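# generate coordinates for the sequence data below:
(2 chains)
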Amino acid sequence: MKGCAPVDSEVESVAEPAAEEGYGRTEKEKIRDEKIKADSFFQEPELETLAVLCDIILPATADFGSAGDAEVPEFIEFIVKDMPAHQLPLRGGLMWLDNQSNSRFNLEFRSCSPEQQLEMVDDIAYPEEEPSDMAPGIAFFSLVRNLTLTGYYTSKMGIKELGYAGNTPGVWDGVPDEVLKAHGLSYDPQWLERCVDQSKRDELAAWDEDGNLLST
Amino acid sequence: MQIIEAADGYDAVIIGSGAGGGMAAKILAESGLKVAIVEAGPMFDPKNNAHRTQLRWPYESPRRGANNVRPFGDFDSAYGGWEIEGEPYTHKSGTKFDWFRSRMVGGRTNHWGRISLRFGPKDFKRKDQDGLGDNWPISYEDVKPYYDQVDQLVGVFGTKEDFPNEPNGFFLPPPKPRLHELYFKQAANKANIPVIPSRMSMLTKRINTDRGVCFYCGQCSRACMVEADFSSGTCLIFPAQRAGGQITLFTDAMAREIATDADGRATGVHYIDKNTRQENFVGGKVVVLAASACSSARILLNSKSSTFPDGLGNGSGMIGRYLHDSTGASRMAFVPQLLDRKIYNEDGVGGMHVYTPWWLDNKQLDFPRGYHLEVWGGLGMPSYGFGFNVSEMNKFTGGVVGGYGNKLREDVRKFYGSFMGISGRGESVAQYDNYCEIDPQHVDEFGIPVLRFHYKWTDYERAQAKHMHETFESIFDAMGAKSVGTKPGPEDDYGLLAPGRIIHEVGTTRMGVNPKTSVVNAYQQMHEVDNVFVVDGGPFVSQADKNPTWTILALAWRTSEYIIDQINQQNI
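The predicted structure follows:
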């Protein structure tokens, strides 16, 4: 058993990444996307603060880049215009962070030292049992964390890091043997013998008059 | 008004290009009839790169595939949804019904789940068993030959199980189960719940030289560029056109009204060209409604004349009545055995490789009718929402909730693919008081009076949803999985989704022998207008816990043969 092995097929010639034809949009949807892209929401200082937060949430590693490297702040700028419900919580949260930062350090968050920034983030990065003065910041950071993770792991870099192996033509032939073994599972032989024999997938199917398939 | 007709007129005008309309177009055109299809949306062909969403990556969409523009996400092949700008609908008495429409060639067949279940013998005669609702005027034996033909024409994988009320078919071999499906089967069996290979319309083997074979991307909801799954366009309309069938497609053509002559017989269809915003007319000898249960009811109710002041063929007042959707409820769980799993390509076919048909006896239960179980999970492609609240899952494993930095990378990795969900999809009991009608006050952007819905679930459906949740927990418990969230209680109808959410709405032009209590006869011909037929879900007397598409296809085929026969006999 091979899991899902790559296959040569008529698919690959047509399955080029999106180019000028877009990603399968209707005319109305194209107009919507263009309008959103032409608009802007965050001001430059807000974007700078967001970029700092995104890279605290996902800094670069030896093998993979940071959230900033994967253009997560640009994704967040798009998504707040696309989903206006995110606008107030993010804008207000960014201001809340600067208010806190000004009272503590007399500096806006993005101008603080990395140590000062982490000290503040430590206060809002963990959910609490009982609501505290930090609750607005905790809700805000949770939203930024969600958007950062989603933006990163839906980027080319993030998908590579995750190891997602699909979205490509293949032939599924069951759970790999070593995985079955590791999970202490096995296929029921009676079930298996009725499954498709992938070596015959290109043969034309034929049935007898009772609906019995003449070859699996 | 512009009059559009073929030189000597169309033999049949079909409204809608989904499962029923596509099948009618194919069968009628193959017999040599000249067919017009009036479709409310644009052309769609998944082979066209400008339409294609299959094999695209999340980052090709600026919103990473999120579902705020299309309700099942950017890459789902449904142009429309429960809400369509400019095409509203309203509700009566504070009731709820969500109406999903897909405006495109192929309709909802482009994105549907491809779960392809025949109704069984009991499903046509429910009143005989529980005294509720009505029997169909036809039986399984009437439809079986057409199910057999649909299986072989379209292709469906599955296995002959001789399972009660789940008839065997002409099946292609199923794909092997995936890892989470093996866990599901093991746990369900432990809880005395059967699991069998699913029955879905993807080609695991070649069935003709036209269509390709499944290449296991798991993206059937995006519509398949090699036509390895069923869509009405790719499998019925386009092949019929290539074979020389005379099918003319009018796209972006919103049907408004069926025209009638002085005798009350249909003469054609008035439609609005959405691009020019002008009204046109296409004439035909026969009109076939395939616009979807509610759209067809709306068109009929809006087709008023001196002969039919309450809508075409609505002397009985039954059009719009008995609207019913499947019941639905779901639960998700964390499966500790799947923590930290090895990552490989397990996309498989779109949807499930195994499922549970209805397995219990209602005589032992406090609700009528059954439900089947669908299972989902696995190492899916990330899209918008991936990674949300991932650190909260640490509460299942004793880890730290929240935080930042590379700890989050570790959270994402170890929880990837460790969740499983189960959904119940069940049969509701059709009710006279659940209906759609014309809203007397509101029109859509094309000036067409809109539908108003009145729909309430009964205790039958609530009790069924309660039972579904007990089933979900019994399977998760047998697996050692941790159910996420709390089990819904009576205050939220036991998690029963609003009617319309499962998108199996049927019943609005129901079939029957008695013209006073039904709209169409056993051949889906209107009792009161002999050259108008309905081939969508409207004629369903009861819905079964089966997805309706396979039955729509079989009945549309049967009706199309009847139409040809009636034309040949010069009866219509």
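# residue contacts, the nearest residue to residue B:519 once chain neighbours are set aside?
Excluding the flanking residues, the one nearest residue B:519 by CB to CB, 6 or more residues apart in numbering or on different chains is residue B:509, at 4.1 Å. From N, CA and C alone the C-beta is placed, and that goes for glycine too. Contacts for residue B:509 (CB atoms under 8 Å, 6 or more residues apart in numbering or on different chains) come out as B:289, B:293, B:296-297, B:300, B:318-319, B:519-520, B:526, B:534, B:538-539.
# can you name the residue of chain A nearest to chain B?
For chain A and chain B, the shortest gap (CB to the nearest CB) falls at residue A:149, measuring 3.0 Å.
# count the neighbours of residue B:263 for me.
The number of residues packed around residue B:263, counting by other CB atoms under 10 Å in any protein chain shown, is 8.
# in TSV, list the contacts of residue B:509 along with secondary structure and neighbour count.
Output for the contacts of residue B:509, formatted as TSV (DSSP: H, G, I helix; E, B strand; the rest coil; neighbours: other CB atoms under 10 Å in any protein chain shown):
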residue	secondary structure	neighbour count
B:289	strand	34
B:293	helix	31
B:296	helix	28
B:297	helix	31
B:300	helix	29
B:318	coil	24
B:319	coil	29
B:519	coil	31
B:520	strand	27
B:526	strand	24
B:534	strand	32
B:538	coil	32
B:539	coil	32
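# re the thing from before, the residue of chain A closest to chain B touches residue B:386, doesn't it?
Yes - counting by CB atoms under 8 Å, residue A:149 sits close enough to residue B:386 to count as a contact (7.3 Å).
# okay, how far is it across stretch B:473-489, tip to tip?
End-to-end distance of stretch B:473-489: 14 Å, with CA to CA, to the nearest Å as the criterion.
# now do stretch B:390-407
This stretch, stretch B:390-407, spans 11 Å end to end (CA to CA).
# stretch B:240-251 too?
End to end - CA to CA - stretch B:240-251 spans 17 Å.
# in it, what counts as buried?
Residues B:240-241, B:245-251 are the ones in stretch B:240-251 that count as buried (16 or more other CB atoms under 10 Å in any protein chain shown).
# swap in stretch B:392-409?
For stretch B:392-409, the buried set under the neighbour-count rule, 16+ other CB under 10 Å, comprises B:393-394, B:396, B:402-405, B:408-409.
# most widely separated two among the residues you listed?
B:396 and B:405 (21.2 Å; CB to CB).
# would you list every one of the helices in the chain?
No chain specified, so I'll use chain A. Secondary structure of chain A (DSSP state H): helices at A:11-14, A:27-38, A:44-57, A:72-82, A:87-105, A:114-124, A:135-153, A:156-162, A:177-183, A:189-192.
# right idea, wrong chain: chain B
Using DSSP H, the helices of chain B run over B:19-30, B:126-130, B:140-154, B:179-190, B:232, B:238-242, B:293-302, B:394-397, B:406-415, B:459-479, B:549-568.
# residues in contact with the fourth one?
The one in question is helix B:179-190. A:175, A:179-180, A:183, A:185, A:187, B:177, B:194-195, B:335, B:337-338, B:341, B:346, B:352-354, B:356, B:373, B:375, B:377-378, B:417, B:420, B:422, B:475-476, B:478-479, B:481.
# what number of residues lie near the one residue in the stretch 301-450 of chain B that gets nearest to chain A?
For the stretch 301-450 of chain B, the residue closest to chain A is residue B:387, as judged by CB to the nearest CB, at 3.0 Å. Residue B:387 has 26 neighbouring residues, counting by other CB under 10 Å.
# residues contacting it?
Contacts of residue B:387 by CB under 8 Å, 6+ apart are A:146, A:149-150, A:152-153, B:412.
# just give me the closest of these to residue A:24.
Using CB to CB, residue A:150 comes nearest to residue A:24 of the contacts of residue B:387, at 21.0 Å.
# quick one, grab the pLDDT at the closest residue to residue B:500 other than its chain neighbours.
Among residues not flanking residue B:500 along the chain, residue B:98 sits closest, at 3.6 Å (CB to CB, 6+ apart). Residue B:98 is assigned 98 on the pLDDT scale.
# isn't residue B:98 up against residue B:499?
Yes - applying CB under 8 Å, one finds residue B:98 in contact with residue B:499, separated by 7.2 Å.
# more neighbours, the two?
Neighbour count, other CB under 10 Å: between residue B:98 and residue B:499, residue B:499 has more, with 26 against 21.
# the more buried one contacts residue B:97, correct?
Yes - assessed by CB under 8 Å, residue B:499 is found in contact with residue B:97 at 5.0 Å.
# touching both of the two, which residues are there?
In contact with both residue B:499 and residue B:97: B:325, B:455, using CB under 8 Å, 6+ apart.
# quick one: neighbours of the closest residue to residue A:5 other than its chain neighbours, just the number.
Leaving out its chain neighbours, the residue that sits closest to residue A:5 by CB to CB, 6+ apart is residue A:171, at 5.4 Å. As a burial measure, residue A:171 scores 20 neighbours (other CB under 10 Å).
# same question for residue A:62.
For residue A:62, the neighbour count with other CB under 10 Å is 4.
# likewise residue B:443?
Burial measure for residue B:443: 11 neighbouring residues, criterion other CB under 10 Å.
# would you agree it is in contact with residue B:449?
Yes - counting by CB under 8 Å, residue B:449 is a contact partner of residue B:443 at 5.4 Å.
# least confident secondary structure element in chain A?
None of the helices or strands of chain A scores lower by mean pLDDT, DSSP states H and E than helix A:11-14, at a mean of 48.
# just chain B next, same as before
In chain B, no helix or strand scores lower on mean pLDDT, DSSP H and E than strand B:2-4, which sits at a mean of 69.
# please enumerate the strands of the stretch 51-200 of chain B.
Here the stretch 51-200 of chain B has its strands, by DSSP state E, counting those that start in this stretch, at B:80-81, B:90-91, B:101-102, B:196-197.
# picking that back up, make a markdown table out of the helices of chain A and add mean neighbour count and distance to residue B:432.
Below are those laid out as a markdown table (neighbours: other CB atoms under 10 Å in any protein chain shown; distance: least, CB to CB, whole Å):
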| stretch | mean neighbour count | distance to residue B:432 |
| --- | --- | --- |
| helix A:11-14 | 14 | 50 |
| helix A:27-38 | 13 | 38 |
| helix A:44-57 | 20 | 56 |
| helix A:72-82 | 22 | 43 |
| helix A:87-105 | 17 | 46 |
| helix A:114-124 | 16 | 56 |
| helix A:135-153 | 23 | 46 |
| helix A:156-162 | 18 | 52 |
| helix A:177-183 | 14 | 51 |
| helix A:189-192 | 11 | 44 |
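# dump those to a markdown table, plus distance to residue B:455.
As requested, those are exported to a markdown table (distance: least, CB to CB, whole Å):
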| stretch | distance to residue B:455 |
| --- | --- |
| helix A:11-14 | 43 |
| helix A:27-38 | 29 |
| helix A:44-57 | 44 |
| helix A:72-82 | 32 |
| helix A:87-105 | 35 |
| helix A:114-124 | 45 |
| helix A:135-153 | 35 |
| helix A:156-162 | 42 |
| helix A:177-183 | 44 |
| helix A:189-192 | 41 |
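# okay, now residue A:24: neighbour count?
25.
# ok, it touching residue B:51?
Yes - Residue A:24 lies in contact with residue B:51 (CB under 8 Å); the separation is 5.5 Å.
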